[in-house]
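**Student:** one predicted model, sequence on top.
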Amino acid sequence: MSPALFRSALPAALLALTACSQAADVPSIEQVIPHRGHRATTTQVRILGQRFAPLIKANFDDEARSAISVAFSAKLQGHALQAVTWVSATELAASVPPGLPVGTHALTVVAPGGQSVILPAAFAVYDGDGGPPDLGPGDGPRDGPALDGGADAPTSDGPALDGPKPDKPQPQPDTTPWPDTTPWPDTTPWPPDGPPVYVDETFNTGTGSVSTKTGSWTVAGGSLRQNSTSGNGYYAVAAVPVNNYIAETRVRIHSVQGLSSTIEGVALSVRVQPQTNPSFPPGQYACFLSPDANLLGIAECSGTSTYCTMQQSTAHNVQLNVDYTLRATVSGNSITCRLVGTNKVVTRNDNSFSSGDVALSTYHASARFYYLKVWHP
């Protein structure tokens, strides 16, 4: 492009963005998801707000010197967050590093142009096995006996993921550019302004609309915990009145039983069918996260067999005692499972189940779930 053509074309592209950026002025922060994390672990967070505008530097004489900067920075009470990434005008992604002081901290975000904004009491850091400092004691394995037989205890030939357990893959560095260039289904602020929210449980005082079916479940410290590693396919379910929806949970896996015959972990299950046989897991699509097989995958349970089959998966280094956010989207025949805060996404087309509820499930794993949210796509 000649200098003359560049000068005439640039205002149409960059000056419009510059005008928007100038009019937007200072950004604002609405909330941080999740709003708390353990002092000993890294927590992936989403910073939601308004006017997270890039800095546009237009040079009308030298096209190569024009640039758009998305170099945002963020701090919690003076402690810098890591890997701060611009996602959209309403969202940033970042990592809260381990080692921050216990307590509730204000968040400061600095835009590329130098504008800064503060959200007081944005993120809580807690220690030990319980919740944040303002929550009472009692959370942990001692709060409920491990399921050791009884009506809900699966037999030794209970539901298992189909086929032999794969060799544990070695974690590989991600080669996909970040930020992910594919559109995310979460470009609107949370909670959505307009689309209906069908389930919104934070487990502060009980299970709410979530019904525990099988397993040893307790509510403490702002989480729903399944304490036993001896059972396969323990689940807690919430009714959803529509066929297409988005479900999300944040989960921490504490331990697995260590079997060699099956894949162990947790799942956010969608289109869950009524259980017709207590010996079989209900029909469902399971957004599965496994620390022993190091994978994120989509498993299908037919509801008429002891086995669930892993249909699609991708390798990911899943660690114990680290918080992960799982999001599952079902629309028509499409099922998508995403590990929020990373570029890990698994998608499959299947027409076995056209409707159904949402469940939190464990497979020979002890884990806690901090919330369950379901909303319209």
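**Tutor:** Noted; the coordinates are in hand. Numbering: from 1, shown residues only.

**Student:** mind listing the strands for the stretch 151-300 of the chain?
**Tutor:** 160-161, 197-201, 211-214, 217-220, 223-226, 232-238, 245-256, 265-272, 284-290, 295-301 (DSSP state E, counting those that start in this stretch).

**Student:** I'd like those strands as TSV, with distance to Gly113 and mean pLDDT appended.
**Tutor:** In this view, the C-beta of every residue, glycine as well, is placed from N, C-alpha and C. Output for the strands of the stretch 151-300 of the chain, formatted as TSV (distance: least, Cβ to Cβ, whole Å; pLDDT from 0 to 100):
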stretch	distance to Gly113	mean pLDDT
strand 160-161	50	58
strand 197-201	35	90
strand 211-214	50	83
strand 217-220	45	88
strand 223-226	39	90
strand 232-238	43	82
strand 245-256	32	94
strand 265-272	39	94
strand 284-290	38	93
strand 295-301	37	92
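
**Student:** of those strands, which is nearest Phe72?
**Tutor:** Nearest to Phe72, of all the strands of the stretch 151-300 of the chain, is strand 245-256, at 23.0 Å by Cβ to Cβ.

**Student:** compute the inter-axis angle for that closest one and strand 197-201.
**Tutor:** If you take axes from the mean of the first three to the mean of the last three Cα atoms, to 10 degrees, strand 245-256 sits at 20 degrees to strand 197-201.

**Student:** return the set of buried residues in stretch 278-293.
**Tutor:** Neighbour counts using 16 or more other Cβ atoms under 10 Å place 280-293 of stretch 278-293 among the buried residues.

**Student:** distance to Ser211 added to the residues you listed, as a markdown table?
**Tutor:** Compiled in a markdown table, these are given as follows (distance: Cβ to Cβ, whole Å):
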| residue | distance to Ser211 |
| --- | --- |
| Phe280 | 18 |
| Pro281 | 16 |
| Pro282 | 13 |
| Gly283 | 17 |
| Gln284 | 15 |
| Tyr285 | 19 |
| Ala286 | 18 |
| Cys287 | 20 |
| Phe288 | 21 |
| Leu289 | 22 |
| Ser290 | 25 |
| Pro291 | 27 |
| Asp292 | 28 |
| Ala293 | 29 |
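
**Student:** of those residues, which is the nearest to Asn243?
**Tutor:** Tyr285 (12.7 Å).

**Student:** list the contacts of the closest one.
**Tutor:** Residues near Tyr285 by Cβ atoms under 8 Å, 6 or more residues apart in numbering: Ser269, Val270, Arg271, Ile298, Ala299, Glu300, Ala328, Val330, Ile335, Arg348, Asp350, Phe353.

**Student:** could you list everything it pairs with in the sheet?
**Tutor:** Counting by DSSP bridges, Tyr285 is bridged to Val270, Glu300.

**Student:** could you check how far it is from Gly78?
**Tutor:** 44 Å (Cβ to Cβ, to the nearest Å).

**Student:** give me the residue at the spatial middle of the protein.
**Tutor:** Thr325 (1.8 Å; Cα atoms, centre = their mean).

**Student:** returning to what we had before: nearest to Ser216, of the buried residues of stretch 278-293?
**Tutor:** For those, the nearest to Ser216 is Pro281 (16.9 Å; Cβ to Cβ).

**Student:** Glu300: neighbour count?
**Tutor:** Neighbour count of Glu300, defined by other Cβ atoms under 10 Å: 22.

**Student:** tell me how far it lies from Leu81.
**Tutor:** Distance from Glu300 to Leu81, by Cβ to Cβ: 38 Å.

**Student:** show me where pLDDT drops low in the stretch 51-200 of the chain?
**Tutor:** Along the stretch 51-200 of the chain, segments meeting pLDDT under 70 span 58-66, 128-194.

**Student:** switch to 80 and redo it
**Tutor:** In the predicted model, the stretch 51-200 of the chain carries pLDDT under 80 at residues 56-67, 128-195.

**Student:** ok, back up a step: wait, which of the strands of the stretch 151-300 of the chain is closest to Pro34?
**Tutor:** strand 245-256 (5.2 Å).

**Student:** sheet partners, orientation included, of that closest one?
**Tutor:** With DSSP bridges as the test, strand 245-256 pairs up with strand 323-331 (antiparallel), strand 365-375 (antiparallel).

**Student:** mind listing the helices in this structure by residue range?
**Tutor:** For the chain, the helices defined by DSSP state H occupy 3-10, 16-24.

**Student:** least confident of the ones you listed, on average?
**Tutor:** Of all the helices of the chain, mean pLDDT reaches its minimum on helix 3-10 (a mean of 36).

**Student:** can you flag the buried ones in the contacts of Tyr285?
**Tutor:** Of the contacts of Tyr285, these count as buried by 16+ other Cβ under 10 Å: Ser269, Val270, Arg271, Ile298, Ala299, Glu300, Ala328, Val330, Ile335, Arg348, Phe353.

**Student:** CSV for these, including distance to Ala220?
**Tutor:** As requested, the buried ones among the contacts of Tyr285 are arranged in CSV below (distance: Cβ to Cβ, whole Å):
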residue, distance to Ala220
Ser269, 23
Val270, 26
Arg271, 30
Ile298, 31
Ala299, 29
Glu300, 32
Ala328, 26
Val330, 31
Ile335, 32
Arg348, 35
Phe353, 33
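
**Student:** mind giving me the domain ranges of the chain?
**Tutor:** 3-126, 141-375 (automatic domain parsing).

**Student:** quick check: which of the ones you listed is buried the most?
**Tutor:** Among the domains of the chain, domain 141-375 has the highest mean neighbour count (mean count of other Cβ atoms under 10 Å), at a mean of 19.

**Student:** and the buried residues of stretch 278-293, which is closest to Ala40?
**Tutor:** The closest of those, once distances to Ala40 are taken by Cβ to Cβ, is Pro291, at 16.4 Å.

**Student:** leaving out chain neighbours, which residue sits closest to that closest one?
**Tutor:** Of all residues not flanking Pro291 in the chain, Val318 sits nearest, at 4.2 Å (Cβ to Cβ, 6 or more residues apart in numbering).
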